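Novice: my questions are about this predicted structure, shown below with the sequence.
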Amino acid sequence: MATQANSLSYAGCNFLRQRLVLSTLSGRPVKIRKIRARDDNPGLRDFEASFIRLLDKITNGSRIEINQTGTTLYYQPGLLYGGSVEHDCSVLRGIGYYLESLLCLAPFMKHPLKIVLRGVTNDQVDPSVDVLKATALPLLKQFGIDGESFELKIVRRGMPPGGGGEVVFSCPVRKVLKPIQLTDPGKIKRIRGMAYSVRVSPQMANRIVDSARSILNKFIPDIYIYTDHMKGVNSGKSPGFGLSLVAETTSGTFLSAELASNPQGQGAAVLPEDLGRNCAWLLLEEIYRGGCVDSTNQSLALLLMTLGQQDVSKVLLGPLSPYTLSQSSLETGWLKRSTI
């Protein structure tokens with residue numbers, strides 16, 4: 001059994017989620033000290049504690065030690081077990097915060113994972129469930145992760161601050177990944193999108209669609225933006241609206257952009273027309289950046305390439321996002337000291 005003496009040691013709260021994911025994949029224990037030690041409110045945040053509880057649920061035999069102030073965490077990963085799991089996510093972060101890590105871990109579990117996550121499905125911080133479904137799942141299929149049980153389904157939408165959303169993610173086990181050769185981004189052939197509104201007028205979604213199309217129609221004719229207005233218990237606990245757009249290329253690349261309205265009572269009110277136009281411009285900027293993987297999934301592609309076979313994988317990326325740069329440097333550090 002590994003001891004704290006030979007665990008990897010870090011200081012600070014930066015990259016806590018990535019460090020725990022890499023620790024789980026490699027089997028190396030990790031100790032993280034001085035977590036917000038100088039803050040007025042030191043220690044782990046609620047959403048980080050929720051993420052640690054999620055790791056405990058999907059593994060078997062993990063050992064987790066947290067000091068009284070929450071400023072020191074010791075994590076000794078157990079076996080990635082999988083199975084049927086339910087988890088209530090913190091409403092301080094979106095469900096995408098938890099899903100991003102599950103996409104890295106799910107293929108390597110002992111049993112196929114089927115997990116129900118409850119919380120915020122769409123916010124302004126983390127990738128939405130819509131974008132991950134439209135872009136991350138096709139990327140995973142490129143690595144050979146596919147099957148009838150591979151799906152991500154939105155049961156209920158939940159906007160901040162109240163949340164109330166629910167999604168179901170199921171993934172088959174794939175111990176060996178296929179090498180990829182993604183070097184031709186192709187030409188944009190169609191744009192699809194989802195304009196959603198909850199606990200506000202259904203007209204909000206229609207106004208978003210009209211304003212987004214007023215920009216995108218100048219560039220390509222094949223555009224279809226769906227509207228999704230959930231009612232009653234399926235609409236979560238807080239009002240809001242937003243838009244996610246995905247451009248598909250002739251070579252099967254998916255590039256995404258998204259925007260959500262400000263949480264109720266926080267920030268200035270956003271007009272649906274402004275949100276739709278701004279999201280369309282964000283998509284055009286993502287297309288301009290180029291590459292075979294969009295900014296949201298760059299780090300996922302690089303991690304799966306690292307975990308793949310010895311065969312050479314190639315991927316063409318646009319300018320790297322700050323998140324990808326930090327993730328890549330962290331993976332390099334782990335590879336030097338661990339066998340993943």
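Specialist: Happy to help now that I have it.
Novice: all contacts plus neighbour counts: C-alpha atoms, from now on.
Specialist: Fine.
Novice: and the helices in the stretch 101-250 of the chain?
Specialist: Ranges of helices within the stretch 101-250 of the chain are 129-131, 137-142, 203-216, based on DSSP state H, counting those that start in this stretch.
Novice: just send these back as TSV, with mean neighbour count, mean pLDDT and distance to residue 310 too.
Specialist: What follows is the helices of the stretch 101-250 of the chain, written out as TSV (neighbours: other C-alpha atoms under 10 Å; pLDDT from 0 to 100; distance: least, C-alpha to C-alpha, whole Å):
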stretch	mean neighbour count	mean pLDDT	distance to residue 310
helix 129-131	24	97	30
helix 137-142	18	96	16
helix 203-216	20	97	42
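Novice: closest to residue 292 out of these?
Specialist: Among the helices of the stretch 101-250 of the chain, helix 137-142 comes nearest to residue 292, with 9.8 Å by C-alpha to C-alpha.
Novice: what's next to the closest one, contact-wise?
Specialist: Here helix 137-142 makes contact (C-alpha atoms under 8 Å, 6 or more residues apart in numbering) with 146, 151, 178, 180, 301.
Novice: pretty sure residue 255 sits against residue 298.
Specialist: No - using C-alpha atoms under 8 Å, residue 255 is not in contact with residue 298, being 11.0 Å away.
Novice: burial count for residue 97?
Specialist: Under the neighbour criterion other C-alpha atoms under 10 Å, residue 97 is assigned a count of 22.
Novice: just checking, it touches residue 123?
Specialist: No - between residue 97 and residue 123 there is no contact under C-alpha under 8 Å: 10.5 Å.
Novice: geometric centre of this structure: which residue is closest?
Specialist: The chain has residue 100 as the residue nearest its centroid, 3.2 Å off, counting by C-alpha atoms, centre = their mean.
Novice: my guess is it is in a helix, correct?
Specialist: Yes - according to DSSP: H, G, I helix; E, B strand; the rest coil, residue 100 belongs to a helix.
Novice: show me what contacts it?
Specialist: Applying C-alpha under 8 Å, 6+ apart, one finds that residue 100 lies in contact with residue 300.
Novice: for it, give me the pLDDT.
Specialist: Among the per-residue scores, residue 100 shows a pLDDT of 96.
Novice: look at residue 226 and say how many residues are nearby.
Specialist: Based on other C-alpha under 10 Å, the number of other residues close to residue 226 is 15.
Novice: could you list everything the closest residue to it other than its chain neighbours pairs with in the sheet?
Specialist: In space, and not counting its chain neighbours, residue 226 is closest to residue 194: 4.8 Å by C-alpha to C-alpha, 6 or more residues apart in numbering. Listed beta-bridge partners, residue 194: residue 226, residue 244 (assigned using DSSP bridges).
Novice: list the contacts of residue 194.
Specialist: Listed by C-alpha under 8 Å, 6+ apart, the contact set of residue 194 reads 130, 225-228, 243-245.
Novice: most surrounded residue in these?
Specialist: residue 243 (32 neighbours).
Novice: could you find the closest non-adjacent residue to that one?
Specialist: Closest to residue 243 by C-alpha to C-alpha, 6+ apart is residue 195, at 4.4 Å.
Novice: so what pLDDT did that neighbour get?
Specialist: So residue 195 comes in at 98 (pLDDT).
Novice: and it, how far from residue 234?
Specialist: Separation of residue 195 from residue 234 (C-alpha to C-alpha, to the nearest Å) stands at 16 Å.
Novice: between these two, which one's more packed in?
Specialist: Higher neighbour count among residue 195 and residue 234: residue 195, with 25 against 18, using other C-alpha under 10 Å.
Novice: am I right that that one is in contact with residue 244?
Specialist: Yes - judged on C-alpha under 8 Å, residue 195 makes contact with residue 244 at a distance of 6.6 Å.
Novice: that older thread, could the helices of the stretch 101-250 of the chain be laid out in CSV, adding distance to residue 172?
Specialist: As requested, the helices of the stretch 101-250 of the chain are exported to CSV (distance: least, C-alpha to C-alpha, whole Å):
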stretch, distance to residue 172
helix 129-131, 19
helix 137-142, 11
helix 203-216, 35
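Novice: and the ones you listed: which comes nearest residue 308?
Specialist: Proximity to residue 308 (C-alpha to C-alpha) singles out helix 137-142 among those, at 11.9 Å.
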